[in-house]
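Asker: Would you be able to build a 3D model of this:
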Amino acid sequence: MKKILLFGFTALFLATSCVDSLDDYNVDPKRATTVPGVTLITNAQRSLARTITSSNVNLNPFRLYVQYWAQTTYFDESIYNIDTRAINNTFWTALYRDVLGDLREAKKIITADPVPTEAVKANQLAILEVMEVYAWSTLVNTFGNVPYTQALDFKNTQPAYDDAATIYTDLIARLDAAIGQMKGDAGSGSFADADLYYHGDIAGWLKFANSLKLRMALTIADVDATKAKLLAEQAASKVLTSNADNAQLNFLSSFPNANPVWEDLVQSGRFDYVGASTFINQLNTRNDPRRDDYFKTVAGGTNAGTFRGGVYGTNNSYASFSAPGEKLEDPTQPGVLLSYSEVEFLLAEAVERGFAVGGTAATHYNRAVTASIQQWGGTTAEATTYLAQPTVAYATAGSTYKEKIGIQKWIALYAQPVESWKEFRRLDYPRLTAPAGALSALPLRFTYPVIEQNLNGANYTSASSAIGGDVVTTKIFWDKF
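Answerer: This next block holds a predicted model:
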């Protein structure tokens, strides 16, 4: 027995003498130990697009919050039950860990990489900054104050929360720096096809970055009109100019790289959603040409062949109402982060606010509506007919510019539910009401994840107090009215 033990210790000594520490046993000599920066950018882009696009109630319930859809069997999300499924935690984690975490690590790797030229590296780092700004602004728009300056440090498990308005100011400065850093004369050199949005095209990224700047400018317009005016006027001539410029991920035809809405509507085999009457009634009233793409007609019964919405905030019979349309069941349907249609709506609003961005509000509004219809496969002729209706024409569609733009933007942002929810809160149109039995008024933000209360309690308490209470009815700083 002693001989066996002695042999065992000798063997262990001989093995360990060949390595610096026991940590070396955790390294597989046949596998790469450092993830390439380009791999991280690809994964971050995929994660961001999926998070923004998803219809999964565990992650992205915003199609329900803006009443595009109603539910069939379970309707917790339609009455604003956030806690049961810990939706806020899933959304928080998706952006912090899966998007921002990968982007931050990619920056470190690319900065240290001796291979790319300085021009290419500058473009790569600028693209990462634009994506970070997009993700951070989404977090602020969803929660308000969030960990920012101390975030993404694995050694600090209790990061302090930063003021939302202060974060926005810093994000805009970072975005400006990134715009100035990107140089088209570096050729197509950036991430090439590892970039799932623009495939390394710097001209496309510059348009996206300036369009994001325009979006952020109008977001703060009610609380800082002077700054919003300056930013909007700087960006206006450098934004997306057609649907071909849209910032989007073109999903593939099969899992796991298909559109997540397809996963929920088709692959899951479930029938959880129908169109909400709140939305479908508005499409019907206007004879909207996008209606055929947004929804199917009722399959049978007395309402067969019609577009009919279910009652929001309760369970509905799937067979009795209009289900989400066939284009949403297409696994290759793009996931859109920012569209040309949205840009034109922003420019229309900027004109109404007196910003010198060129054109008239009506012209930009018409372009926005037309672009949205074409984005869904419609024609210019259909858009012209649609815009001629008194309920749609800019001169007669509403009593204020926020009403005119707000309602049409709501219709156009059907595939961008996160931004649609933000714009509903900011523009206060359409006029939506909470259903009977709702647990709260219409949510104006997500509450903080329970894990923050448990693991970062002191900072959570301070942040909750700073924003006026960790409840869904607390307004984000830009939500003035």
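
Asker: Just give the nearest non-adjacent residue to the most centrally placed residue in the chain, would you?
Answerer: For the chain, the residue nearest the mean C-alpha position is residue 52 (3.4 Å; C-alpha atoms, centre = their mean). Counting by C-beta to C-beta, 6 or more residues apart in numbering, residue 418 is the residue found nearest to residue 52 once chain neighbours are left out, at 5.2 Å. Yep, even glycine has a C-beta here, placed from its N, CA and C like the rest.

Asker: Could you report the neighbour count for the one you found?
Answerer: Other residues within reach of residue 418, judged by other C-beta atoms under 10 Å, total 22.

Asker: Just the pLDDT at it, thanks.
Answerer: Reading off the confidence values, residue 418 has pLDDT 99.

Asker: cool, the one 5 residues further on as well?
Answerer: The per-residue pLDDT reported for residue 423 equals 99.

Asker: I figured it hits residue 407, correct?
Answerer: No - with contacts counted by C-beta atoms under 8 Å, residue 423 stays clear of residue 407, the gap being 10.8 Å.

Asker: Neighbour count: those two, which is higher?
Answerer: Neighbours were counted for residue 423 and for residue 407 using other C-beta under 10 Å; residue 423 has more, 27 against 20.

Asker: and the gap between that one and residue 152?
Answerer: Counting by C-beta to C-beta, to the nearest Å, the gap from residue 423 to residue 152 is 28 Å.

Asker: Could you do residue 288 as well?
Answerer: Separation of residue 288 from residue 152 (C-beta to C-beta): 43 Å.

Asker: Past the one helix or strand residue 70 maps to, which element shows up next along the chain?
Answerer: Using DSSP states H and E, residue 70 sits in strand 69-71. Going down the chain from strand 69-71, the next helix or strand is helix 87-93, by DSSP H and E.

Asker: neighbours around residue 169, how many?
Answerer: By the other C-beta under 10 Å criterion, the neighbourhood of residue 169 contains 14 residues.

Asker: Sorry, wrong one. I was asking about residue 462.
Answerer: So residue 462, with other C-beta under 10 Å, has 13 neighbours.

Asker: List the residues that contact the residue lying closest to it once chain neighbours are set aside.
Answerer: With sequence-adjacent residues excluded and distances taken as C-beta to C-beta, 6+ apart, residue 462 is closest to residue 161, at 6.7 Å. By C-beta atoms under 8 Å, 6 or more residues apart in numbering, residue 161 lies in contact with 145, 146, 147, 148, 459, 460, 462, 463, 466.

Asker: ok, residue 161 to residue 378 distance?
Answerer: Using C-beta to C-beta, residue 161 is found at 44 Å from residue 378.

Asker: wait, isn't residue 243 in contact with residue 373?
Answerer: No - counting by C-beta under 8 Å, residue 373 is not a contact partner of residue 243; they are 10.4 Å apart.

Asker: between these two, who's got more neighbours?
Answerer: residue 373 (25 against 17).

Asker: Assumed the residue nearest to residue 52 was part of a helix.
Answerer: Yes - with the criterion set as DSSP: H, G, I helix; E, B strand; the rest coil, the secondary structure at residue 418 is a helix.

Asker: In the stretch 251-400 of the chain, mark out all the strands, start to finish.
Answerer: Assigned by DSSP state E, counting those that start in this stretch, the strands in the stretch 251-400 of the chain fall at 273-275, 335-338.

Asker: For the biggest helix by length in the chain, buried residues please.
Answerer: Using DSSP state H to define each element, the chain has its longest helix at helix 118-143. For helix 118-143, a neighbour-count test (16 or more other C-beta atoms under 10 Å) marks 120-143 as buried.

Asker: same deal with stretch 417-427?
Answerer: Neighbour-count burial for stretch 417-427 flags 417, 418, 419, 420, 421, 422, 423, 424, 425, 426, 427 (criterion: 16+ other C-beta under 10 Å).

Asker: and the contacts of residue 161, which of them are in helices?
Answerer: Secondary structure from DSSP H places 459, 460, 462, 463, 466 of the contacts of residue 161 in helices.

Asker: Using TSV, lay out these together with distance to residue 165 and pLDDT.
Answerer: Shown next, in TSV, are these (distance: C-beta to C-beta, whole Å; pLDDT from 0 to 100):
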residue	distance to residue 165	pLDDT
459	18	99
460	19	99
462	16	99
463	14	99
466	11	99
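
Asker: Please, a PyMOL command that selects the buried ones among these?
Answerer: To isolate the buried subset of the ones in helices among the contacts of residue 161 in PyMOL, counting by 16+ other C-beta under 10 Å, use the following:
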select buried, resi 459+460+463
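
Asker: domains in this protein, as residue ranges please.
Answerer: Per automatic domain parsing, the structural domains of the chain span 37-239+441-467, 260-329.

Asker: among those, which is nearest residue 339?
Answerer: domain 37-239+441-467 (8.9 Å; C-beta to C-beta).

Asker: Need the distance between the two termini of the closest one.
Answerer: Using C-alpha to C-alpha, to the nearest Å, one end of domain 37-239+441-467 lies 37 Å from the other.

Asker: And the residue nearest to residue 462, how far from residue 445?
Answerer: Separation of residue 161 from residue 445 (C-beta to C-beta): 14 Å.

Asker: How about residue 94?
Answerer: To residue 445, residue 94 is 17 Å away according to C-beta to C-beta.

Asker: Mind checking which of those two has more residues around it?
Answerer: residue 445 (23 against 20).

Asker: Now for the residue nearest to the centre of the chain: which residues touch it?
Answerer: Per C-beta under 8 Å, 6+ apart, neighbours of residue 52: 60, 138, 335, 337, 416, 418.

Asker: Report pLDDT for the second one.
Answerer: Looking at residue 138, its pLDDT reads 99.

Asker: Touching, it and residue 416? I think so.
Answerer: No - assessed by C-beta under 8 Å, residue 138 is found out of contact with residue 416, at 11.4 Å.

Asker: still on that earlier bit, mind checking pLDDT for the residue nearest to residue 462?
Answerer: pLDDT at residue 161 comes out at 99.

Asker: low-confidence ranges in this protein?
Answerer: Along the chain, segments meeting pLDDT under 70 span 1-34, 186-188.

Asker: 80 - rerun?
Answerer: Scanning the chain for pLDDT under 80 picks out 1-35, 185-189.

Asker: is it true that residue 64 touches residue 77?
Answerer: Yes - judged on C-beta under 8 Å, residue 64 makes contact with residue 77 at a distance of 4.9 Å.

Asker: Find residues that contact each of those two.
Answerer: Common neighbours of residue 64 and residue 77, using C-beta under 8 Å, 6+ apart, are 57, 71.

Asker: Identify the residue nearest residue 100 in space, chain neighbours excluded?
Answerer: Computed as C-beta to C-beta, 6+ apart, the closest residue to residue 100 that is not its neighbour in sequence is residue 135, at 5.4 Å.

Asker: State the distance from that neighbour to residue 403.
Answerer: Taking C-beta to C-beta, one finds residue 135 at 31 Å from residue 403.

Asker: Would you mind telling me which of residue 64 and residue 77 has the busier surroundings?
Answerer: Using other C-beta under 10 Å, the more surrounded residue of residue 64 and residue 77 is residue 64, with 25 against 22.
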